[in-house]
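>>> got a predicted structure plus its sequence, pasted below:
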Amino acid sequence: RFKAQGELDDAVKTLHDSSMERWKSELDTLLVYAGLFSAVLTAFNVESYRLLQPDDADAAVFAVREL
């Protein structure tokens, strides 16, 4: 009985270790993709922020029109 329990323990540990290694690999890949996505999104937001700022020339034209 104890020998069977030991073999069962070894089989479960092997299965568990392989599952954990696979999950770790998948998580590492997801973290790399998340980092790349964050870098691209940050670059896009920095460039887009400039486009959202009011143009000083437009403000001057508007002020002259109001006179």
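Yep, it's here. Numbers count the residues shown, from 1 in each chain.

>>> for the longest helix belonging to the chain, name the packing helices and strands.
Longest helix of the chain, by residue count under DSSP state H: helix 2-52. Contacting helix 2-52 under the criterion 3 or more C-beta pairs under 8 Å, 6 or more residues apart in numbering; DSSP states H and E is no other helix or strand. Every C-beta, even on glycine, is put in place using the N, C-alpha and C of the backbone.

>>> quick one: the spatially most central residue of the chain from residue 24, how far?
Nearest residue to the geometric centre of the chain (C-alpha atoms, centre = their mean): residue 34, 1.7 Å. In this view, residue 34 and residue 24 are 15 Å apart by C-beta to C-beta, to the nearest Å.

>>> low-confidence regions, this structure specifically.
Low-confidence segments of the chain (pLDDT under 70): 1.

>>> just give me how far the longest helix of the chain sits from the chain centre.
11 Å (C-alpha atoms, centre = their mean, to the nearest Å).

>>> next helix or strand past it?
helix 56-66 (DSSP states H and E).

>>> contact partners of that following helix?
With contact meaning C-beta atoms under 8 Å, 6 or more residues apart in numbering, helix 56-66 is reached by no other residue.

>>> what comes up buried for stretch 26-42?
Going by neighbour count (16 or more other C-beta atoms under 10 Å), nothing in stretch 26-42 comes out as buried.

>>> contacts for it?
By C-beta under 8 Å, 6+ apart, stretch 26-42 touches no other residue.

>>> any idea how far residue 59 is from the residue of the chain most remote from its centre?
No residue in the chain sits farther from the centre than residue 67, which is 51.4 Å out by C-alpha atoms, centre = their mean. As for residue 67, its distance to residue 59 is 13 Å (criterion: C-beta to C-beta).
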